[in-house]
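Participant: Sharing a sequence plus its predicted fold:
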Amino acid sequence: MPRGLWEYVHLRHIADDYDNYFAGHRLFDFDEQVLLRSLAAHGGCPGQWVADLGCGTGRALVRVTQAGYRGLAIDLSQAMLRIVRRKAQDADLPIRGLRANLVELDGLADASVDHACSLFSTLGMIRGRENRRQLLRHVRRIVRPGGAFVLHVHNLWFNLYDPGGVAWVAGSLARSWLSRDFELGDRVFPYRGVSQMFLHVFRRGELSRDLRRCGFARQQWIPLDPRRHQQLAWSWLAGRYRANGWIIVCS
């Protein structure tokens, strides 16, 4: 685990201010709509279990359980899980919490949940490609056959549109060639009081290969527009480079 992420999950103000900080975020309504549609398309029905890996304060699970599902909230931050528990108690929602590192989910039995999600670039917060594959293997193991797995990631190439983005991409390419400890797409930056927050941003082919390798043969890629509030228009036109990121529906 990167030091910055360790600080992130242990700083209480991150959890306490999370909902206010992201209030009105454009991505949240869209990814929740995609999640609910995907659950229904994969045989979702009331009473089924949906695991949220890296649940934060439970914003997606609140929506899912209001639709009749049961939720398993998984996060390493105890402060985040306390907020999830309070929301569940206040609204009488069927949500259970589990504090765990996402690459160490051996305590969950095979096919123990019906569906899973990992939203808001949680997968990118895991450093090391093999560690990210480990999470994907766990998801493949704990989700019942035919269930849906919905995740969101950021697009490496979209950084080319940011000021200084061309220099950063070029530097990331050079560093990945020169160092075995650095992967193309690794970013470290200051974030909400954390001086060295880590995030990996993806190339489509990179993640698609990892998903297939870990057992997710069927993938639906939904490219996001620059403001992340809807699907990218004309995605056939260089969508791999224009998309802000993707929501991927796997089974």
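Facilitator: Right, received. Where do you want to start?

Participant: all strands of this protein, in order?
Facilitator: Assigned by DSSP state E, the chain shows strands spanning 49-53, 70-75, 95-99, 115-118, 149-154, 186-191, 194-200, 219-223, 245-250.

Participant: Between those strands, which one is closest to Gly4.
Facilitator: strand 194-200 (4.0 Å; CB to CB). For the C-beta atoms, the positions are set from N, CA and C on the backbone; glycine is no exception.

Participant: one step back: adding mean pLDDT and mean neighbour count as columns, could you present the strands of the chain in TSV?
Facilitator: As requested, the strands of the chain are arranged in TSV below (pLDDT from 0 to 100; neighbours: other CB atoms under 10 Å):
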stretch	mean pLDDT	mean neighbour count
strand 49-53	98	25
strand 70-75	98	25
strand 95-99	98	18
strand 115-118	98	26
strand 149-154	98	26
strand 186-191	94	14
strand 194-200	95	18
strand 219-223	98	17
strand 245-250	98	24
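
Participant: among those strands, which is nearest Arg85?
Facilitator: Using CB to CB, the strands of the chain put strand 95-99 closest to Arg85, at 5.8 Å.

Participant: gap between the closest one and the chain center?
Facilitator: The chain centre lies 17 Å from the centre of strand 95-99; the measure is CA atoms, centre = their mean, to the nearest Å.

Participant: circling back: among the strands of the chain, which is nearest Ser176?
Facilitator: Taking those one by one with CB to CB, strand 186-191 is closest: 8.0 Å.

Participant: Could you export the closest one as CSV, CA atoms only?
Facilitator: Output of strand 186-191 as CSV, limited to C-alpha atoms (Å, rounded to 0.1, in the frame of the first residue of the first chain):
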residue,chain,number,x,y,z
ASP,A,186,1.3,5.8,-11.9
ARG,A,187,0.7,9.3,-10.4
VAL,A,188,1.6,10.9,-7.1
PHE,A,189,0.0,14.2,-6.2
PRO,A,190,-1.2,16.3,-3.2
TYR,A,191,-4.8,15.6,-2.3
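
Participant: Can you name every helix or strand that that strand contacts?
Facilitator: Secondary-structure packing of strand 186-191 (3 or more CB pairs under 8 Å, 6 or more residues apart in numbering; DSSP states H and E): helix 3-10, helix 165-178, strand 194-200.

Participant: wait, which of the ones you listed is closest to Arg240?
Facilitator: Comparing those by CB to CB, helix 165-178 comes nearest, at 13.8 Å.
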